[in-house]
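Visitor: give me a 3D structure for the following:
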Amino acid sequence: PIMPMLVELLNPKTALAGRMLAEEEPAQEPRPSERDAFAQSVPLPQIVHGLQAARRRTELLLQSITPEQLERAGVVPGPGRVTVAQVLGHIAEHETEHAAAIAQTRASFTGAAVTAQVTPRYGV
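Guide: Numbering: from 1, shown residues only. From the prediction side, this is the model:
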């Protein structure tokens, strides 16, 4: 189950935040339903490179954003209207949840206890 989690982290939330800065309340594109099949067809190194690129895009966005821009908004399925700050907070929470799940899965294979807690990389 790790590959689908990694692919899910490639979800373009940072792209949505960037669109929210450039457009008036854009809507998030629906997610493709082929994610699990994609996860099984892409080599792990390619997914890791994609994750690194996604992280870098998020870091660049965080470095350039102003407090006023954090209040810009867009529309996502489910919650509806959300701000850039909420999207960035979701990215941090989402990465943390998946990192913890991956650590648990890894521990179940190795028999080692999960001793370290995963903390968000950015405090949004």
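Visitor: so what's Leu70 closest to, chain neighbours aside?
Guide: Nearest residue to Leu70, sequence neighbours excluded (C-beta to C-beta, 6 or more residues apart in numbering): Ala85, at 4.1 Å. Every C-beta, even on glycine, is put in place using the N, C-alpha and C of the backbone.
Visitor: least trustworthy helix or strand in the chain by mean pLDDT?
Guide: The helix or strand of the chain with the poorest confidence is helix 35-41; it has a mean of 64 (mean pLDDT, DSSP states H and E).
Visitor: following that one, which helix or strand comes up?
Guide: helix 44-64 (DSSP states H and E).
Visitor: elements contacting that next one?
Guide: helix 2-8, helix 13-22, helix 84-110 (3 or more C-beta pairs under 8 Å, 6 or more residues apart in numbering; DSSP states H and E).
Visitor: could you pull up the mean pLDDT of stretch 67-82?
Guide: Here stretch 67-82 scores 89 as its mean pLDDT.
Visitor: that concludes my questions; thank you for your assistance.
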